[in-house]
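Trainee: give me a model of this one.
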Amino acid sequence: MPLSGDLLRLADAVLLPGFPGHAPPDWLRRRLGDGLAGVVLFSRNIAGPAQVARLTAELRAENPSVLVGIDEESGEVTRLEVAAGSSRPGAYALGVVDDVTLTESLARDLGGDLARAGITIDFAPSADVNSNPDNPVIGLRSFGADPALVARHTRAFVRGLQSAGVAASAKHFPGHGDTSVDSHHGVPVVAESGIEDALFPFREAIGEGVKVIMTGHLLVPSYDAERPATLSPKVLTGLLREELGFDGLIITDGIEMAAVSGAYGIGGASARAIAAGADAICVGGERADEATAAGIRDAIAAAVTKGLLPEERLADAARRVRELATWAASSGSPAPADGDIGLIAARRAIRVTRRSTTPVLPVTEAAHVVELAPEMNLAIDRNTPWGVGEPLGRLLPGTEVTRLASGQCTGPELERVIARAAGRPLVVVVRDVHRFAWQSQALRHLLSARPDAVVVEMGLPVRSDLGAVHVATYGSARVCGQAAAEVLTGRL
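Mentor: This is a model prediction of the structure:
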């Protein structure tokens with residue numbers, strides 16, 4: 001049975017696909033002209049703020065109501081600043097400072113940048129309570145491990161973004177913090193014992209008037225033992241709509257992620273998500289082609305004809321998308337950019353633990369910096385620059401940098417590094433050292449030879465008793481590296 005044009009257009013009205021390139025391809029222009037809800041931008045679409053503004057203007061020329069979404073959390077997860085690294089620290093650093101006025105101001109500044117680029121939805125903040133330090137995908141993207149702290153900074157971030165006319169999207173409902181599986185690859189399970197703590201920041205975000213909530217591909221057995229939240233009417237309709245009273249737009253996390261697409265395919269998962277109560281489908285990752293976007297539209301329309309998805313539910317979802325587009329077109333006012341606020345926040349988040357009785361800081365001569373580089377999760381663009389070596393080299397010309405991945409950290413290679421660093425200050429930079437045995441082993445090797453070394457942790461600092469001096473930045477954004485370099489040289 002052929003699918004009607006009206007039904008296909010209704011299915012398109014809930015889709016936000018990705019696409020390749022710095023300009024919209026012809027197929028995307030056609031679909032936007034026929035009522036496609038919007039798009040999701042990734043670093044592959046971004047060359048700079050002016051180019052993004054031109055891109056979004058081209059999208060609006062095809063559909064004035066287009067929604068343009070982006071993952072711009074600040075810190076590790078940045079798209080607009082992927083080439084240079086974020087000029088703002090991430091959520092965990094803001095939680096460490098615990099100044100809600102600072103968080104709101106930083107989010108307002110970020111919202112201004114997004115609004116000027118023509119972006120209408122920011123898939124931030126992460127309202128996840130990172131109660132599991134071994135979490136492989138949330139970590140520093142969360143404001144912290146305390147539900148009350150996460151809640152107050154979630155509210156502040158929502159206020160700041162939405163005051164600039166950019167819809168905030170609290171994620172990953174009902175909470176991805178207390179998990180040990182990355183939903184890009186599998187289905188995380190949320191323990192019943194922690195569900196109320198996990199829900200608290202989302203309750204507060206709803207109270208703050210957050211416009212969008214993004215679903216997590218998480219199994220919550222206390223609500224639904226069979227279907228992950230994105231596909232569960234019990235979670236999206238029963239819990240989020242009816243129990244928590246959320247009346248805004250529900251958008252899915254990337255629908256191509258294995259936790260939901262593995263069992264049903266991308267199209268099948270999309271139809272089931274709308275049936276469960278989601279209003280918009282986010283399509284990200286590498287599935288950014290015309291065939292994928294058309295296949296999802298067709299699968300949603302086919303689900304209506306087969307009785308899997310009531311047409312009234314699809315129409316209601318499209319209505320909520322339109323309502324958000326109307327809000328975005330008439331709300332908020334971007335404040336003038338504040339180029340210093342991110343560095344100020346990064347400086348305030350630094351924590352230093354001195355263990356040596358012999359003065360180690362400040363470093364006043366060219367140092368040798370060893371950066372141990374783990375493979376990061378898929379939410380973090382692998383090309384995002386990070387580290388302390390580059391900013392330290394600007395302050396101390398002649399500083400040498402060695403970056404090592406897991407397979408390169410052999411005993412002979414570490415011995416060569418130790419020999420090259422002889423007679424010079426040694427700085428060892430790690431990221432989430434507690435989660436990677438190879439980093440721990442390499443760090444022990446280096447410190448056994450150089451107990452005077454400074455350790456800079458740019459991930460989650462589970463331990464602060466490593467090195468003669470331990471510097472915790474609570475993030476690897478560009479400004480975090482700069483702040484660390486200032487600490488090392490005595491400028492901060």
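
Trainee: which residues does the residue sitting nearest the centre point of the chain contact?
Mentor: In the chain, the residue lying closest to the centroid (C-alpha atoms, centre = their mean) is V77, at 4.2 Å. If you count contacts by C-beta atoms under 8 Å, 6 or more residues apart in numbering, V77 has them with 71, 90, 124, 141, 379-380. For glycine as for every other residue, the C-beta is placed from the backbone atoms N, C-alpha and C.

Trainee: quick one: which of these is nearest Q162?
Mentor: Closest approach to Q162 among those (C-beta to C-beta): A124, at 11.5 Å.

Trainee: residue contacts, the closest one?
Mentor: With contact set as C-beta under 8 Å, 6+ apart, A124 has these partners: 71-74, 77, 157, 161, 168-169, 171.

Trainee: one more time with 10 Å
Mentor: Listed by C-beta atoms under 10 Å, 6 or more residues apart in numbering, the contact set of A124 reads 70-75, 77, 90-91, 107, 110-111, 114, 141, 154, 157-158, 161, 166, 168-171, 214.

Trainee: any idea what the residue nearest to the centre of the chain is bridged to?
Mentor: Under the criterion DSSP bridges, V77 forms beta bridges with S74.

Trainee: and the contacts of V77, which two are the farthest apart?
Mentor: Spatial extent of those (C-beta to C-beta) is set by the pair A124 and I380 at 13.8 Å.

Trainee: need the residues touching each of these two.
Mentor: With contacts defined as C-beta under 10 Å, 6+ apart, the residues adjacent to both A124 and I380 are 71, 73, 75, 77, 141.

Trainee: can you tell me which two in those are farthest apart?
Mentor: Farthest-apart pair in those is D71 and G75; separation 11.3 Å (C-beta to C-beta).

Trainee: and the two? which has more neighbours close in?
Mentor: Each of D71 and G75 has its neighbours counted (other C-beta atoms under 10 Å); G75 has more, 30 against 25.

Trainee: ok, that one - contacts?
Mentor: Per C-beta under 10 Å, 6+ apart, neighbours of G75: 85-86, 88-94, 124, 126, 140-141, 342, 346, 380, 384, 474-480.

Trainee: now S261
Mentor: Counting by C-beta under 10 Å, 6+ apart, S261 makes contact with 217, 254-255, 267-270, 285, 287.

Trainee: quick one: the strands in the stretch 101-250 of the chain?
Mentor: 121-122, 167-173, 212-215, 249-251 (DSSP state E, counting those that start in this stretch).

Trainee: and the contacts of the shortest one?
Mentor: For strand 121-122, the surrounding residues in contact (C-beta under 10 Å, 6+ apart) are 16, 38, 40, 67-74, 79, 107, 110-111, 114-115, 157, 161-162, 164, 166-169, 211-212, 214, 249, 251, 280, 282, 324-325, 328.

Trainee: and if we set it to 6 Å?
Mentor: 67, 69, 72, 114, 161, 166-167, 169 (C-beta atoms under 6 Å, 6 or more residues apart in numbering).

Trainee: go on, the second one?
Mentor: For strand 167-173, contacts defined as C-beta under 6 Å, 6+ apart pick out 121, 123, 126-127, 158, 161-162, 202, 205, 210-216, 253.

Trainee: three-state assignment of D298?
Mentor: helix (DSSP: H, G, I helix; E, B strand; the rest coil).

Trainee: sorry, that was for V427
Mentor: strand.

Trainee: and it, how many neighbours does it have?
Mentor: Other residues close to V427 by other C-beta under 10 Å number 27.

Trainee: and it, what's its pLDDT?
Mentor: V427 carries a pLDDT value of 98.

Trainee: what sits against it?
Mentor: Counted by C-beta under 6 Å, 6+ apart, V427 has contacts 367, 369, 454.

Trainee: distance of it relative to A107?
Mentor: The spacing between V427 and A107, counted by C-beta to C-beta, to the nearest Å, is 32 Å.

Trainee: so the residue nearest to A269 when sequence neighbours are not counted is in which element?
Mentor: Spatial nearest neighbour of A269, excluding adjacent residues (C-beta to C-beta, 6 or more residues apart in numbering): V260 at 4.3 Å. Element membership of V260 [criterion: DSSP states H and E] is helix 258-276.

Trainee: pull the distance from that helix to the chain's centre.
Mentor: 22 Å (C-alpha atoms, centre = their mean, to the nearest Å).

Trainee: tell me the helix or strand right after that helix.
Mentor: Trace forward from helix 258-276 with DSSP H and E and the next one is strand 281-282.

Trainee: mind listing the strands that next one pairs with, and their directions?
Mentor: Going by DSSP bridges, the partners of strand 281-282 are strand 15-16 (parallel).

Trainee: could you dump the shared contacts of A124 and I380 to JSON lines with pLDDT and distance to V150?
Mentor: Compiled in JSON lines, the shared contacts of A124 and I380 are given as follows (pLDDT from 0 to 100; distance: C-beta to C-beta, whole Å):
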{"residue": "D71", "pLDDT": "95", "distance to V150": "19"}
{"residue": "E73", "pLDDT": "95", "distance to V150": "14"}
{"residue": "G75", "pLDDT": "94", "distance to V150": "15"}
{"residue": "V77", "pLDDT": "93", "distance to V150": "16"}
{"residue": "R141", "pLDDT": "94", "distance to V150": "11"}
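
Trainee: go through these and name the one nearest R491.
Mentor: G75 (22.2 Å).

Trainee: how about that closest one: what's its closest non-neighbour residue?
Mentor: Excluding its sequence neighbours, the residue lying closest to G75 (C-beta to C-beta, 6+ apart) is G90, at 1.9 Å.

Trainee: how many other residues sit next to that neighbour?
Mentor: Residues lying near G90 (other C-beta under 10 Å) number 30.

Trainee: can you pull the contacts of it?
Mentor: So G90 contacts 74-76, 140, 475 (C-beta under 6 Å, 6+ apart).

Trainee: I'd guessed L460 sits against R141; true?
Mentor: No - if you go by C-beta atoms under 6 Å, L460 and R141 don't touch, sitting 10.6 Å apart.

Trainee: comparing those two, which residue is more hemmed in?
Mentor: A count of neighbours by other C-beta under 10 Å puts R141 above the other of L460 and R141, at 28 against 23.

Trainee: how about the more buried one, what does it touch?
Mentor: With C-beta under 6 Å, 6+ apart, R141 has these contacts: 73, 91, 126.

Trainee: can we see that at 10 Å?
Mentor: Neighbour list for R141: 73-77, 90-92, 124-126, 128, 130, 135, 171-172, 176-177, 377, 379-380, 475 [criterion: C-beta under 10 Å, 6+ apart].

Trainee: what number of residues lie near H22?
Mentor: 13.

Trainee: does it touch A50 like I think?
Mentor: No - taking C-beta atoms under 10 Å as the definition, H22 is not a contact partner of A50, at 11.1 Å.

Trainee: which residue ranges of the stretch 201-350 of the chain form helices?
Mentor: Under the criterion DSSP state H, counting those that start in this stretch, the stretch 201-350 of the chain contains helices at 233, 258-276, 290-305, 311-330, 341-349.

Trainee: rank the ones you listed by mean pLDDT and give me the bottom one.
Mentor: Among those, helix 258-276 carries the lowest mean pLDDT, at a mean of 92.

Trainee: need the CA coordinates for that one. PDB is fine.
Mentor: What follows is helix 258-276, C-alpha atoms only, in PDB (Å, rounded to 0.1, in the frame of the first residue of the first chain):
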ATOM      1  CA  ALA A 258      22.800   0.500  19.400                       C
ATOM      2  CA  ALA A 259      20.800   0.600  22.600                       C
ATOM      3  CA  VAL A 260      17.600   1.200  20.600                       C
ATOM      4  CA  SER A 261      18.400   0.600  16.900                       C
ATOM      5  CA  GLY A 262      20.000  -2.800  17.600                       C
ATOM      6  CA  ALA A 263      16.700  -4.600  18.100                       C
ATOM      7  CA  TYR A 264      14.400  -2.700  15.700                       C
ATOM      8  CA  GLY A 265      16.600  -0.900  13.200                       C
ATOM      9  CA  ILE A 266      16.700   2.900  13.000                       C
ATOM     10  CA  GLY A 267      13.300   3.300  11.400                       C
ATOM     11  CA  GLY A 268      11.600   0.800  13.700                       C
ATOM     12  CA  ALA A 269      13.100   2.400  16.700                       C
ATOM     13  CA  SER A 270      12.000   5.900  15.500                       C
ATOM     14  CA  ALA A 271       8.300   4.800  15.100                       C
ATOM     15  CA  ARG A 272       8.300   3.100  18.500                       C
ATOM     16  CA  ALA A 273       9.800   6.200  20.100                       C
ATOM     17  CA  ILE A 274       7.000   8.400  18.700                       C
ATOM     18  CA  ALA A 275       4.400   5.800  19.800                       C
ATOM     19  CA  ALA A 276       5.900   5.800  23.300                       C
END
